[in-house]
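Q: sequence and computational prediction follow.
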Amino acid sequence: MARDNWSGRFGFVLAAAGSAIGLGNLWKFPYITWNNNGGAFVLVYLLCILVVGLPLMCSEILIGRRSQSSVASAFGRLGHPKWDFVGFIGVAAGFVILGFYAVIAGWSLASFAECLGWSVQGYEAPSDEAFGTFLADPLKQIGLGFVFMVATSLIVWRGVSGGIERAAKILMPTLMVILVYILIVTCTLSGAGEALTFLFKPDFSKLDSHGVLEALGHAFFTLSLGMGAMITYGSYMKKSERVVPISITVVILDTIIALVACMIMYSIIFTVDGLRDEVGKSTVGMLFVTLPKLFYTEMTGSGGAFVGPLFYILVAFAALSSTISLLEVIVSLFVDRYGWNRTKATVTAATSVFGLSVLSALSLGANGFLSSVKLFGSSETGVLHSLNKLVTKDKGGVLNILDHISANWLLPIGGLAITIYVGWVLPTKDSKEELFGEGEGSSLFYKVWLFFVRFVVPAAIGWVIVDVVLGGDFS
């Protein structure tokens, strides 16, 4: 059976950008940028994207296209089967992340319904306990996660060109139109000028070494690197497409949307009195508690009743574009390595992930044990307690544990292994041919890229891993 491919460069760029653009852009990046005082952090982040994110993005895509296989089989197809463990790390990362990400993505549907109701029937302020009650409702948490998994599964089941690419061509342009519209609206707010100054005027006296490390960590995580998504998507790329220009385009799109999200968020923050003191307390609170209220109490003259529901359609689309790539990483394992048809592979993968999603959903307050359980037990002393502190920073609850393990261990270890493989194991003839085409390309550019892949990227990711071992947290 012929392997499915993207129909062209445009389809791949939108799908890959969709994988990278998710809740991390609309949620985490504005949060950590705020906590690191804006301008200087943004400048360092952009530098990290250039010297770490882009070289690693090229590395993952070229592995996929060279092997024409899923991440779990790619290294064996390239003649190095002992490196297949790296692919299984990627599959594990995709499985774990999707297991909790689908639950959080479901919150966007609840916020959309809430905002739509307020827009139609009038705003009614929720109680202070409303969001906590919502999290502890097992039917809502499981049901919303189920809806997201069904939508994701139906798209992945239809294949690469007929499902994932077609969905990306709808989701991504719509997402960008909504984002631009909301940006235009929020730029009319009184705090927009102060927001732009905060975001783009660097003051390095306000950036410490921790902020630099956080910029490095997020530059790596935001591009969906280390989990096999770009290897999997790259495996469906035609040989006529160029890896470097496509990688640059995906990185630029992801970065622009993250910055635009900040401009939108900060324009609201600097407009509403007293909101600045609340922002740094919780990423969840900002996106799903504070913002919905603000659309109806502070933006009444700026179309808040229209912007509110539209914003959460944007959040849902961004989340869906990411869950699609996460599920495809798992499905491609069954299709390429074990020869399953796509229907069997999709149903098996989605059902397994949903089982983990149920545990994550119930760990938000509905079930006491799942909400407080620790990976190595509840002992407060001894070896198991030390392992909890090392591996999960002593966090409790299924969702918190999954989030911590994926962000702090699976992704950086997977990314480090990939860059070592491409830099030191894969023949340079193969990597150069995939980047530029046989007998083509700039030898100087290739040497610069190879230097970063061999030395700079591993050192940067190694720094992240060392920080995690010493107690750092990138989740």
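A: Okay, I see it.

Q: just give me how far stretch 77-94 sits from the chain centre.
A: Relative to the centre of its chain, stretch 77-94 is centred 20 Å away, using CA atoms, centre = their mean, to the nearest Å.

Q: before we move on, what about stretch 179-193?
A: Centre-to-centre, stretch 179-193 and its host chain are 25 Å apart (CA atoms, centre = their mean).

Q: top helix in the chain by residue count?
A: If you go by DSSP state H, the chain has its longest helix at helix 84-121.

Q: I'd like the average pLDDT over that one.
A: Averaging pLDDT along helix 84-121 gives 95.

Q: which of the residues in it are buried?
A: 84, 86-87, 89-112, 114-116, 118-119 (16 or more other CB atoms under 10 Å). Backbone N, C-alpha and C define where each C-beta goes, glycine included.

Q: ok, stretch 175-184 next?
A: For stretch 175-184, by 16+ other CB under 10 Å, it's 175-176, 178-179, 181-182.

Q: okay, those in JSON lines with distance to residue 24 next?
A: Listed next are those as JSON lines, based on distance: CB to CB, whole Å:
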{"residue": "175", "distance to residue 24": "14"}
{"residue": "176", "distance to residue 24": "17"}
{"residue": "178", "distance to residue 24": "18"}
{"residue": "179", "distance to residue 24": "15"}
{"residue": "181", "distance to residue 24": "22"}
{"residue": "182", "distance to residue 24": "18"}
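
Q: can you list those residues in a markdown table and add pLDDT?
A: As requested, the buried residues of stretch 175-184 are exported to a markdown table (pLDDT from 0 to 100):
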| residue | pLDDT |
| --- | --- |
| 175 | 91 |
| 176 | 92 |
| 178 | 91 |
| 179 | 91 |
| 181 | 91 |
| 182 | 90 |
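
Q: out of the residues you listed, who's nearest residue 333?
A: For the buried residues of stretch 175-184, the residue nearest residue 333 by CB to CB is residue 175; the value is 27.8 Å.

Q: how close does that closest one get to residue 257?
A: Going from residue 175 to residue 257 by CB to CB, to the nearest Å gives 8 Å.

Q: any residues in contact with both of these two?
A: residue 21 (CB atoms under 8 Å, 6 or more residues apart in numbering).

Q: which residues touch stretch 66-74?
A: Contacts of stretch 66-74 (CB under 8 Å, 6+ apart): 3, 63-64, 75, 77-78, 84, 86-88, 90-91, 228, 231-232, 235, 329, 332-333, 335-337, 426, 430, 434.

Q: and it, what's its mean pLDDT?
A: In this model, stretch 66-74 has a mean pLDDT of 93.

Q: how about residue 17: what's its closest non-neighbour residue?
A: residue 253 (4.3 Å; CB to CB, 6 or more residues apart in numbering).

Q: I figured residue 75 was touching residue 422, is that so?
A: No. Judged on CB atoms under 8 Å, residue 75 makes no contact with residue 422 at a distance of 10.5 Å.

Q: mind listing the shared neighbours of the two?
A: Residues touching both residue 75 and residue 422 by CB under 8 Å, 6+ apart: residue 63.

Q: how about stretch 347-364, which residues are buried there?
A: Buried residues in stretch 347-364, counting neighbours by 16+ other CB under 10 Å, are found at 349-350, 353-354, 356-364.

Q: now, those residues that are in strands?
A: Of the buried residues of stretch 347-364, none are assigned to strands by DSSP state E.

Q: of the residues you listed, closest to residue 342?
A: The closest of the buried residues of stretch 347-364, once distances to residue 342 are taken by CB to CB, is residue 349, at 10.2 Å.

Q: and the closest one, how far is that from residue 95?
A: Residue 349 is 8 Å from residue 95, by CB to CB.

Q: again, but for residue 347
A: Separation of residue 347 from residue 95 (CB to CB): 15 Å.

Q: was I right to think residue 385 contacts residue 391?
A: No. Counting by CB under 8 Å, residue 385 stays clear of residue 391, with 11.2 Å between them.

Q: between those two, which contacts overlap?
A: Here residue 385 and residue 391 have residue 376 as joint contacts, going by CB under 8 Å, 6+ apart.

Q: more crowded one of these two?
A: When neighbours are counted by other CB atoms under 10 Å, residue 391 comes out ahead of the other of residue 385 and residue 391, with 19 against 16.

Q: report pLDDT for the more buried one.
A: On the pLDDT scale, residue 391 gets 95.

Q: tell me the secondary structure for the closest residue to it other than its chain neighbours?
A: Nearest non-adjacent residue to residue 391, counting by CB to CB, 6+ apart: residue 375, 6.2 Å away. At residue 375, secondary structure determined by DSSP: H, G, I helix; E, B strand; the rest coil is coil.

Q: which other residues reach the helix or strand hosting residue 431?
A: For residue 431, the element it lies in under DSSP states H and E is helix 428-436. Residues from elsewhere that reach helix 428-436, judged by CB under 8 Å, 6+ apart: 58-59, 62, 65-66, 78, 242-244, 422, 441-442, 446, 449-450.

Q: break down the stretch 201-350 of the chain into its helices, ranges please.
A: Counting by DSSP state H, counting those that start in this stretch, the segments of the stretch 201-350 of the chain that form helices are 209-221, 229-234, 243-269, 276-279, 283-285, 291-297, 304-338, 342-362.

Q: buried sites along the helix or strand that comes right after the last one?
A: Which is helix 342-362. Using DSSP H and E, the next helix or strand after helix 342-362 towards the C-terminus is helix 368-372. Residues 370-371 are the ones in helix 368-372 that count as buried (16+ other CB under 10 Å).

Q: next one: the helix or strand just after helix 368-372 to chain centre, how far?
A: Following helix 368-372 in sequence order, the next helix or strand is helix 382-392 (DSSP H and E). Between the centre of helix 382-392 and the centre of its chain there are 27 Å (CA atoms, centre = their mean).

Q: name the helices or strands packed onto helix 382-392?
A: Judged by 3 or more CB pairs under 8 Å, 6 or more residues apart in numbering; DSSP states H and E, the packing partners of helix 382-392 are helix 398-405.
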